[in-house]
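Peer 1: Sequence and computational prediction follow.
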Amino acid sequence: EEQEIACVVDSSPAAEVTWMKDGAGLDESSPDTVLSQDQNRHSLLIVAVSKQSVGQYSCTASNSLGEATATADISGDAHPAVILSNHVSDHQHEFTLEWSAESESEIESFEVAVRKEGDNDWKLYEVTVKVEGNETN
């Protein structure tokens, strides 16, 4: 999956635009990225988002009068999970939890926190994702 970050620059005199990832300069030779410009719209295309793509990207426009920087974070984090199951179990001693989550990158695991009604302490469980056919379990 690709991801585009755009930076629109209106300046006089014309500005030079530079891109960085986590403080390191990016240019046309940087792997897995494509830099382009269409008039005042400068864009950085991440060709295939992966773990290596995660970081803070910045666009800096500078001219003889000064500079301005804008940043965008690529986190790799999924959107918050949506609970699909009923909040009350049909059975006294068991509960089936179903949820759905969307992400631009592959989800490898979830952290699930549970507690019994009336308890103060939460128990944390890491749930790994396994894919069977077209279904994720």
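Peer 2: Thanks, I have the structure now. Not measured: the values here are computed from a predicted model.
Peer 1: ok, residue 42 - how many residues close by?
Peer 2: Burial of residue 42, expressed as a neighbour count using other Cβ atoms under 10 Å, amounts to 20. All C-beta atoms are positioned from the backbone trio N, CA, C, and that covers glycine.
Peer 1: Need the per-residue pLDDT for the residue of the chain positioned farthest from its centre.
Peer 2: Going by Cα atoms, centre = their mean, the residue of the chain most distant from its centre is residue 92, 38.6 Å out. If you check residue 92, the pLDDT there is 81.
Peer 1: can you check residue 121 too?
Peer 2: Taking residue 121 on its own, its pLDDT is 94.
Peer 1: residues touching it, list them.
Peer 2: Shown here is residue 121, whose contacts under the criterion Cβ atoms under 8 Å, 6 or more residues apart in numbering are residue 115.
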